[in-house]
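Novice: this is the structure alone, sequence omitted:
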């Protein structure tokens, strides 16, 4: 099962493994992070929330190679940060886009030149810089202000330039600390829209400290840190997506919205490549599958040992429920007929859902008997 | 038309190179705030001006001590080995000069006489007395390369006649208008004037013939009234002989009491004496050093406050992935710009100032190429040192603090 999982997902962009961090020495030693672990895949917009002083900025600066890792391990963009020297940390930073609360632009440089400062560190050939720099400024609605000095720009415009500077090298990872705190509604909207687009179109990973509700709505995942500990890590988009999927399925038609939400929250999405075996006949079963995308072939072994195709299940169909209900080994083999995305519910949660929702139990049973 | 087109091409070209070249951060920082730039330039310029004036004084002082030596018409000079300063009287025997004249390769060996304590000039306007420097030579064997003196050799031969330095300090009176004067209690005739100038110790110069010198001032030869001692033996090398070769021959011929120096050696020895051993040279050198130290403080203040103002920006550059090397180069560039921007107006101001001071002290205050280069380098060094001190600010800037 896990092998199938790994085959369809890339390595995480950020991997934080049991990281602790403290400031000061001796009596003034003050621990700000406790055993924090988190993995972030490509294309996610992760919002980090928490009260001030909770360690979220420290976590971001560790991931951004702005501080040295003291305890634990951090991997960023396939590069382990543990034990890196100052020069190597500087090199890692070049692949990361930073957006700060303040714009931190040079007053002496024009908007374009501030962006160009970042391009000089990237792989953009000098002859292309103007084109690329203007393109990103244009996406942020700043093309006509490219030659203005920051003093001649509004607060929102300055921050948009700072965002352009962070994104112009098309980093695979963007770290942002309250990027919209100083922005008016319109500027904030433009910035957030661009960031979201980056995650969707270019699989850019964005990790952002913010309290801005408009960003929370777009976040794929919300990580809450309190007193240096990650106390919750909710994958919002999955839950939302699963909810939407369940709502459209015959199986869940009669469930109340809250029952669907509860079930969806306990489900995990899992992808399988074409021809991958999802469950195997004769094995013990402990998971229930709903197909959200693709189709699955169900096969059963005949007495002569040959396998026979029973049926092909399409999106919205489910399988694997029998082994959970009657505690028997799998009575068929299910193989992905195409690339398949499934929603998985484990045994405990499946049974809980059956108990808590009579309509769900009825639905399952009626489908179950139909199939027999 | 062609001119116009090439100018346009140049403009396009420079725009294109500018577009391709890295952002000139140091230059932009320099120009971003014109008022601060003016303040900074004034600060750096003040220190540069101080150094220029002090070193100008020093050079002017030394140069004034060399005025006559530079105008001696000879390749090699014989002086008493006792003579440690050109104007301190330390004669040597005339006999030795005659001997020198017989050395192979010597074209001529002519005497110069010098007096500076017994020659007292009376200001014709107010009657007060001042010591002046008197030079004397045989008009048949002239040794001074001063055109007016060379032109008035016949007048010099007349009895009780002198030539007066018309660039003498004004305390000597209106010397140009004087025809009848008084020197050391003798009535004398001023036959004309020449252009030389005073120095730190003397208010003016007088030139006369050797005969008048012995008659009016008693000469420097006390024991040999018939064969008076000489102050300087001015030697010309015959054509076809190398100066060094003749110098060697003279050294072999002269007793240890007579030093044989080329003109350049004599001048160099005198210059280094005034620069190092006399109290005056080191005072001005110290003044220049004070200017340098003040300049370091001023430019340190300027750079430090500017870096502090932009600390967040520099820390951001570090977060973006710029190394310390880049930041150091930006700060050093900026320091160099400040050096030039401060130096230029100070230099221009100095041209006028030197002329004014030169007129007052009647001395050779010259803003020479050497002094320009020297003070420009000092100003650069001053700003660079200040930059190195101020650099700590950006090097310790922690990019993590920006977050």
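Specialist: Received, thanks. Quick caveat: nothing in here was measured; it's all calculated off a predicted structure.

Novice: going by C-alpha atoms from here, please, whenever you check contacts or count neighbours.
Specialist: OK.

Novice: need phi/psi at the residue most central in space within chain B.
Specialist: With distances taken as Cα atoms, centre = their mean, residue B:59 lies nearest the centre of chain B, 2.6 Å away. In terms of degrees, to the nearest 10, the main-chain angles of residue B:59 are phi -60, psi -40.

Novice: find the nearest non-adjacent residue to it, please.
Specialist: residue B:365 (7.4 Å; Cα to Cα, 6 or more residues apart in numbering or on different chains).

Novice: who's in contact with the one you found?
Specialist: Counting by Cα atoms under 8 Å, 6 or more residues apart in numbering or on different chains, residue B:365 touches B:56-57, B:59-60, B:354-355, B:357-358.

Novice: what's the separation between it and residue B:247?
Specialist: Distance, residue B:365 to residue B:247, by Cα to Cα, to the nearest Å: 33 Å.

Novice: go on, residue A:300?
Specialist: 121 Å.

Novice: so those two - more neighbours on which side?
Specialist: Set side by side, residue A:300 and residue B:247 show more neighbours around residue B:247, with 23 against 19, by other Cα atoms under 10 Å in any protein chain shown.

Novice: go ahead and confirm the more buried one touches residue B:76.
Specialist: Yes - counting by Cα atoms under 8 Å, residue B:76 is a contact partner of residue B:247 at 7.0 Å.

Novice: what does the model give the closest residue to chain B within the stretch 251-372 of chain A for pLDDT?
Specialist: Closest residue of the stretch 251-372 of chain A to chain B, Cα to the nearest Cα: residue A:265 (33.6 Å). At residue A:265, the model reports a pLDDT of 72.

Novice: that one: which element?
Specialist: helix A:257-266 (DSSP states H and E).

Novice: now that helix: buried residues?
Specialist: A:259-261, A:263-266 (16 or more other Cα atoms under 10 Å in any protein chain shown).

Novice: repeat for stretch A:269-283
Specialist: Those would be A:269-273, A:276-281, for stretch A:269-283 by 16+ other Cα under 10 Å.

Novice: looking at the residues you listed, which two lie furthest apart in space?
Specialist: The span of those, defined through Cα to Cα, is set by A:269 and A:281 at 22.3 Å.

Novice: whichever residue of the stretch 151-300 of chain B sits closest to chain A sits in which helix or strand?
Specialist: Closest contact between the stretch 151-300 of chain B and chain A, by Cα to the nearest Cα, is at residue B:299 (19.8 Å). Using DSSP H and E, residue B:299 sits in helix B:280-309.

Novice: give me every residue in chain B lying close to chain A.
Specialist: Neighbours of chain A within chain B, by Cα under 8 Å from any Cα of the partner chain: B:19-23, B:25, B:28-29, B:31-32, B:310, B:312-313, B:316, B:318-323, B:399-400, B:402-403.

Novice: and these, which of them are buried?
Specialist: Buried among the residues of chain B next to chain A (16+ other Cα under 10 Å): B:19, B:23, B:25, B:28-29, B:32, B:310, B:312-313, B:316, B:318-323, B:399-400, B:402-403.

Novice: just the element for residue B:206, please.
Specialist: strand B:205-209.

Novice: paired strands for that strand, with orientation please.
Specialist: Here strand B:205-209 is paired, per DSSP bridges, with strand B:133-137 (parallel), strand B:161-165 (antiparallel).
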